[in-house]
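Trainee: Give the three-dimensional model of this entry:
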Amino acid sequence: MKWLLILFSREFLIRMSLLFQPIINWYFKGTTFIDPIDGNGYRKFLSYGYDKLRKNALSPGTFSLERHRLLWLYFERKTNLLNSKIRVLHVAPEQAFYKKFKNILSWDYITTDLHSPLADVKADLTNLPFKDNHFDLILCNHVLEHITDDHKAMSEIYRVLKKGGKAILQVPMDQNRVHTFEDFSITDSKERTKYFGQYDHVRIYGVDFFDRLEKVGFKTEKIDFTAELTREEIDRFALPKGEWIPLGIK
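Mentor: Predicted structure coming up:
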């Protein structure tokens, strides 16, 4: 899996995975793991990662990663968002969620990205083409670590979110790190992987990520949903124990 991530672009891999997904899904059917997004069982999940491969990370059915399955369970068990009549913006739409979210009839669902073939609107996150106070829910997962001016991107998300609206803003975060580390002189892909965990990341966030969100106006919550799950559930769904879901509220 690692060599595929290095050799091919994200856009190409998305297109190819859409083509071969039914075959991969069938081949890995089993009972060891469950993907809560499609409800199916699999004999194994695939390893995944740019720097270090994580075992049992990628579901063959939806191509969900640990963070996707965690977020889906949180939506299902702790919120009514999946059943609400709301306007939703999905930034850099993940394939794991795309079909599910498209089929939620109560959602007015819009996707945006600069390059993704799944994007309805091609746009830069630091300059969104949407009105102020427009969306009830914004999903922006593992995007901000790619953007040099993350303050501007956060500000734009805040601007287009309705008052009282919510933003899910997952990022790779070192929860033992107090301060975010960024050094824009690091441009070599190998060096970025070494320091930031992936060749196209420009920082590694610390727990001050929440301070950054609050500086643009958000009220924030650190949601540790795995604390409410059993060890058996964490293992069966292959979840990242202790990982926070960052929530921003306008």
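
Trainee: Please count neighbours and contacts with C-alpha atoms only from this point.
Mentor: Noted.

Trainee: Please name the nearest non-neighbouring residue to the most centrally placed residue in the chain.
Mentor: Nearest to the mean C-alpha position of the chain, counting by Cα atoms, centre = their mean, stands Asn141 at 3.0 Å. Counting by Cα to Cα, 6 or more residues apart in numbering, Asn141 lies nearest to Gln170, which is 4.5 Å off, once chain neighbours are set aside.

Trainee: and what of Phe101?
Mentor: Tyr109 (7.3 Å).

Trainee: Tell me where the chain is predicted with low confidence.
Mentor: Along the chain, segments meeting pLDDT under 70 span 1-20, 23.

Trainee: Spell out the residue ranges of the helices in it.
Mentor: With DSSP state H as the criterion, the chain has helices at 2-7, 10-27, 66-78, 95-102, 150-160, 189-196, 209-215, 231-237.

Trainee: Need the winner for burial among these.
Mentor: For the helices of the chain, the largest average neighbour count (mean count of other Cα atoms under 10 Å) is found in helix 150-160, namely a mean of 21.

Trainee: tell me what that one is packed against?
Mentor: Contacts defined by 3 or more Cα pairs under 8 Å, 6 or more residues apart in numbering; DSSP states H and E place helix 150-160 against no helix or strand at all.

Trainee: Convert it to CSV, retaining C-alpha atoms only.
Mentor: The C-alpha trace of helix 150-160 is given here as CSV (Å, rounded to 0.1, in the frame of the first residue of the first chain):
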residue,chain,number,x,y,z
ASP,A,150,-4.1,27.6,8.2
HIS,A,151,-5.3,30.7,10.1
LYS,A,152,-6.9,32.0,6.9
ALA,A,153,-8.5,28.6,6.1
MET,A,154,-9.9,28.4,9.6
SER,A,155,-11.2,31.9,9.3
GLU,A,156,-13.0,31.0,6.0
ILE,A,157,-14.6,27.9,7.6
TYR,A,158,-15.8,30.1,10.5
ARG,A,159,-17.1,32.8,8.1
VAL,A,160,-19.3,30.4,6.0
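
Trainee: can you give me the offset of it from its chain's centre?
Mentor: 17 Å (Cα atoms, centre = their mean, to the nearest Å).

Trainee: who's in contact with that helix?
Mentor: 125-128, 130-135, 138, 144, 147, 167, 212-213, 216-218, 250 (Cα atoms under 8 Å, 6 or more residues apart in numbering).

Trainee: What's the PyMOL line that selects buried ones from these?
Mentor: Remark: buried members of the contacts of helix 150-160, expressed as a PyMOL selection using 16 or more other Cα atoms under 10 Å:
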select buried, resi 125+126+128+133+134+135+138+144+147+167+213+216+217+218+250
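
Trainee: give the contact list for Asp108.
Mentor: Per Cα under 8 Å, 6+ apart, neighbours of Asp108: 85-88.

Trainee: repeat for Ile110
Mentor: Counting by Cα under 8 Å, 6+ apart, Ile110 touches 88-90, 119-121.

Trainee: swap in Ile249?
Mentor: Here Ile249 is in contact with 164-167, 218-220 (Cα under 8 Å, 6+ apart).

Trainee: of these, buried ones?
Mentor: 165-167, 218-220.

Trainee: Let's have those residues in a markdown table, adding distance to Arg54.
Mentor: A markdown table is the format used below for those (distance: Cα to Cα, whole Å):
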| residue | distance to Arg54 |
| --- | --- |
| Gly165 | 34 |
| Lys166 | 30 |
| Ala167 | 27 |
| Phe218 | 32 |
| Lys219 | 32 |
| Thr220 | 29 |
